[in-house]
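Trainee: Provided below for reference: sequence and predicted model.
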Amino acid sequence: MSITFRKLTEPTELQQVEALEGDVWNTEEVIPYHMTITIAKFGGLFMGAFDDDKMIGFLYSFPGYTRGEPHLCSHMLGFLPAYRKQGLGVKMKWLQREEALAMGHTKITWTYDPLETVNGILNIVKLGGIVRSYLPDCYGELDDEFNRGLPTDRFLVEWFLESHRVERLHDGSVQVPDEVKDAPEVLTYEMIDELPRPLGMRLDLQDPVLSLPVPAHFQEVKRRDMDTAIAWRKMTSELFQSYMEKGYTVTYIVRDQDVVRYVLDKQPLPAILNASSRG
């Protein structure tokens, strides 16, 4: 299997994105071709992954403007099921960075559910994105497998393309200091019937680095105990919003068997983006 990646510019390739989107997410609600080709003509960036001549993955992004700052909004990244968990998403994102820089962008943003930690590890650990904004119920009620029954809360990831933080990760150089691994936890939990269940919150901590644990396998929590899943959503929503309002930034994730721990760092943004050791 030889997978190649490239920017999509031809109308025939952009037409394939519409069909592939439906196959990736098993839905009929897809971005219509007339919008895809218009966005591509006026500043959008579409990328495809190919197994020989077959498109097996795509990435869709468009220009955005937030608080007077232009940036690229990365909206969709997906692969056919047979091609997932092979590191292809990381390769696609690094190519997106290269193309975005060539277009004059220095930052890309996108959203993801903070309780879906596989996405978090990609976005924060592997790519070097940071999170300073929490968007409660970002998309309203969604009736699909991953979102049904819960508010669609999202992190807004900011990927500073020319920062030392991102450049080090691109070069494969990351070192996590001990204070990240030993940071005080703002949420307590217990394991009952092999499920992590939240117990209590600390909203008063002021340490320079804090830790916020969430379930390592949130969809399994939802499948087995929806009330526990709702409790995780409510408590983490309050904690993330509270500490971000106090100036904390999500900068890393520490993995464990039952939970992953988001690292909250109170350093100023320039220090986070240019620190010599923190990933």
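Mentor: Perfect, thanks for sending it.

Trainee: From the chain's centroid, how far away is the longest helix along the chain?
Mentor: Taking DSSP state H as the criterion, the chain has its longest helix at helix 226-245. Chain-centre distance of helix 226-245: 17 Å, with C-alpha atoms, centre = their mean, to the nearest Å.

Trainee: what's in contact with it?
Mentor: Residues outside helix 226-245 that contact it (C-beta atoms under 8 Å, 6 or more residues apart in numbering): 114-115, 131-134, 136, 149-151, 153, 155, 186-187, 195, 197-198, 201, 203, 210, 212, 214-215, 218, 221-222, 250, 262, 264. Backbone N, C-alpha and C define where each C-beta goes, glycine included.

Trainee: Repeat the analysis, applying 6 Å as the threshold.
Mentor: The contact list for helix 226-245, computed with C-beta atoms under 6 Å, 6 or more residues apart in numbering, reads 134, 136, 150, 153, 186, 197-198, 201, 203, 212, 214, 221-222, 264.

Trainee: Among the residues you listed, which one sits closest to Gly48?
Mentor: Comparing these against Gly48 with C-beta to C-beta places Asp153 closest, at 30.3 Å.

Trainee: Keeping just the C-alphas, turn the least confident helix or strand in the chain by mean pLDDT into CSV.
Mentor: Every helix and strand of the chain was ranked by mean pLDDT, DSSP states H and E. The lowest is helix 178-181, at a mean of 72. Listed next in CSV are the C-alpha coordinates belonging to helix 178-181 (Å, rounded to 0.1, in the frame of the first residue of the first chain):
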residue,chain,number,x,y,z
ASP,A,178,8.7,16.7,35.6
GLU,A,179,6.4,19.5,36.8
VAL,A,180,4.0,18.7,34.0
LYS,A,181,3.7,15.0,35.1
